[in-house]
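Peer 1: I'd like to go over a predicted model; first the sequence, then the structure.
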Amino acid sequence: MNQSCKYTLRRNAAIGAAIAIVTASSAFGIGASAASAATDETAAPSSTTTSAPQDATTAATATTDSDTQQAAPDDAPADPAPTTDPAPTTETAAPDDAPAPTPAGSTTPATDPGTTTPAAEQPAPEASTPVTWAEPSTEDAPIVLTATAGQPFSHTFTAQGGDGPLEYLFAPMNFDPTNDVNGWSWNEQTGVLSATPKSTFDGPALFLVTATDLHQTAKQYVQVDIEPGAPVGVTFGVDSSDSDVSWQVDADGTIREYTPGGTGETVVSEVPATVGSSMTLAGLAVDALGNRTTPGDGYPRSTVTSTTASDGVVWDPNWSANTVTFSEPGTRTLTVSEGGVSTSFTVRVSEAPAAVAGIAVGVLPADETSGDRWGVEGDVITYYPADGDAQRVDAIPARQGDRVQIRALAVDADGQPVGDHTDLTFTSDVASDRIEYDPEAAATWVTFDHASPHTITMAYGDVTSTIRFEVQPTATTVVSTTHTPTASGTLAYTGADESGPLAWALGLLASGAGLLVWRLRRRLG
């Protein structure tokens, strides 16, 4: 195209037009910033090379001569390659919200303004690598691990895959983790399950382990079998045929005694028995924590040996227990063996008490100052005055309101004590009589509130003995029987058998501690 004027003339014309626009804008109140923006836009270079036609709405001024340059601000970069424009263009101001021009060669997809999805609701990308376990499992067919009681256990669970770091969630399936005797613990970041189990009683521990990358999961069912440690001894209970007391022997030989109605256990050094009695016991081999080491639910076959050859040992398959019978007195050691280990304990066997032949009885007056005493053997009542000879009487005299003290023990045919006072029971044929046991005196007090004949009966099992009392009214003068026999006409006698029960009863009456001494002697064997 032919150029109508030179570059210099055109440049001057452009500058003049700009000045005129600024002057007019100021006159109409348009801000200087708008004029400045127009001036800057006019002065900006636009000589960037492009393969697309130049948009008339975005270009301010086009250059036409390839060997000339358009003026630029001081801080604008130099245009390395000016572009030749065959024709001048007219600048048109673009609105502020106009979209940016689309680069040449690119395509902008159409957008439906009504279906725009907010960024927060964009769906997560699909997982590319699933989470898996190398060893498959189900609830009915879990993987099986093994732990030993008393030994530290640790296992690391490792799953494969996932789109990020994996976490491991542990869920106990057959026990409450807040009441766990075996102390199971786990780490959800590392997948480590650990414990030092103590008990095999509840069987295996079951877990559901879930591996997850927070988008996907994989489950693994786990069974941890707890095996006992090495056996260290045998534990067993002991029951005696002649006692209600029971004993438990630990693997280390400790004997714990349990009394019916007692408050707990008592550790003792030996188990008592009598000649002719028997003991029943069944042994179990256990580890150091008391877990049975022999497989099975029932009691296994155990053996018992005694250091006394005459003791008899019989295995009872119906009860799965050993019965030991003692044929002679003395101390022996019994050893119980099972599962390759054994435990021993001590048994002290004493002579069996003889059968009860009667009850030796002594009666003292309430004041215990007169020195008078009465002894009862069977139906015979013997009066022993403080200063005279022994006399047989029909009844023991008393006054209404008096109380007497009765000391009594069961004896064998030789007059030897068999039990103690608490083994006896006391009754009266007069309902108003008051019968009270005195533990300090090891005796029984009887108070007579009614004036009449009274019969007090003492019993030891099937053996009984009676005491007759003649209780006189308080207002009536009572004929003393201190030195005279009763009206029955029974004559006094001095030929009491000093080796029989009455002699023993007299000795008992002479010493208030007699019963306590007998108790001590009985317990010490």
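Peer 2: Thanks, I have the structure now.
Peer 1: spatially nearest residue to residue 237 (excluding sequence neighbours)?
Peer 2: Excluding its sequence neighbours, the residue lying closest to residue 237 (CB to CB, 6 or more residues apart in numbering) is residue 248, at 5.3 Å. Using the backbone N, CA and C atoms, a C-beta is placed for each residue, glycine as well.
Peer 1: next: residue 293.
Peer 2: residue 231 (4.2 Å).
Peer 1: could you give the backbone dihedrals for the one you found?
Peer 2: phi -70, psi 140 (degrees, to the nearest 10).
Peer 1: next: the one 4 residues further on.
Peer 2: Torsion angles at residue 235 (phi, psi; degrees, to the nearest 10) stand at phi -120, psi 150.
Peer 1: pretty sure it is in contact with residue 281, am I right?
Peer 2: No. When contacts are counted by CB atoms under 8 Å, residue 235 is not listed as touching residue 281 (10.3 Å).
Peer 1: what's the overlap in contacts for these two?
Peer 2: Taking CB atoms under 8 Å, 6 or more residues apart in numbering as the criterion, residue 235 and residue 281 both touch residue 249.
Peer 1: distance of the residue nearest to residue 293 from residue 471?
Peer 2: Noted for residue 231: a distance of 71 Å to residue 471, by CB to CB, to the nearest Å.
Peer 1: so between the two, which is more surrounded?
Peer 2: Ranked by neighbour count (other CB atoms under 10 Å), residue 231 and residue 471 place residue 471 first, with 23 against 20.
Peer 1: check which residues of the helix or strand hosting residue 237 are buried.
Peer 2: Under the criterion of DSSP states H and E, residue 237 resides in strand 233-240. In terms of neighbour count (16 or more other CB atoms under 10 Å), strand 233-240 has its buried residues at 233, 234, 235, 236, 237, 238, 240.
Peer 1: adjacent strands (with direction) for that strand?
Peer 2: strand 246-249 (antiparallel), strand 278-286 (antiparallel) (DSSP bridges).
Peer 1: only the buried residues of the first one, if you could.
Peer 2: This means strand 246-249. For strand 246-249, burial by neighbour count (16+ other CB under 10 Å) applies to 247, 249.
Peer 1: so what's the model's average confidence on it?
Peer 2: Here strand 246-249 scores 95 as its mean pLDDT.
Peer 1: contacts for it, please.
Peer 2: Under CB under 8 Å, 6+ apart, the answer for strand 246-249 is 235-240, 255-258, 265, 268, 271, 281, 336, 343, 345.
Peer 1: any weak-confidence spans in the stretch 301-450 of the chain?
Peer 2: Along the stretch 301-450 of the chain, segments meeting pLDDT under 70 span 367-369.
Peer 1: show me the strands in it, by range?
Peer 2: Along the stretch 301-450 of the chain, counting by DSSP state E, counting those that start in this stretch, strands occupy 303-306, 312-316, 321-325, 330-338, 341-350, 358-364, 373-377, 380-384, 391-393, 396-399, 403-411, 425-428, 434-438, 443-447.
Peer 1: how about those strands in TSV, adding mean neighbour count and distance to residue 186?
Peer 2: Below are the strands of the stretch 301-450 of the chain laid out as TSV (neighbours: other CB atoms under 10 Å; distance: least, CB to CB, whole Å):
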stretch	mean neighbour count	distance to residue 186
strand 303-306	16	45
strand 312-316	12	47
strand 321-325	19	43
strand 330-338	19	37
strand 341-350	19	35
strand 358-364	23	72
strand 373-377	23	79
strand 380-384	19	84
strand 391-393	19	89
strand 396-399	20	83
strand 403-411	22	67
strand 425-428	16	65
strand 434-438	12	64
strand 443-447	19	69
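Peer 1: can you tell which of those strands is closest to residue 454?
Peer 2: Closest approach to residue 454 among the strands of the stretch 301-450 of the chain (CB to CB): strand 425-428, 6.2 Å.
Peer 1: which neighbours does that closest one have in its sheet, and in what orientation?
Peer 2: Its sheet considered, strand 425-428 pairs with strand 453-460 (antiparallel) by DSSP bridges.
Peer 1: for the helix or strand following the partner strand, buried residues please.
Peer 2: Downstream of strand 453-460, the first helix or strand assigned by DSSP H and E is strand 463-472. Neighbour counts over strand 463-472 (16+ other CB under 10 Å) mark 463, 465, 466, 467, 469, 470, 471, 472 as buried.
Peer 1: try stretch 171-183
Peer 2: Neighbour counts using 16+ other CB under 10 Å place 175, 182 of stretch 171-183 among the buried residues.
Peer 1: can you check stretch 255-270 too?
Peer 2: By 16+ other CB under 10 Å, the buried positions in stretch 255-270 come out as 255, 257.
Peer 1: and what of stretch 137-149?
Peer 2: 137, 142, 143, 147, 148, 149.
Peer 1: closest one of those residues to residue 172?
Peer 2: Nearest to residue 172 among these is residue 142, at 13.0 Å by CB to CB.
Peer 1: isn't the closest one up against residue 206?
Peer 2: Yes. At 6.9 Å, residue 142 and residue 206 qualify as touching, with contact defined as CB under 8 Å.
Peer 1: okay, and the common contacts of these two?
Peer 2: 221, 222, 223.
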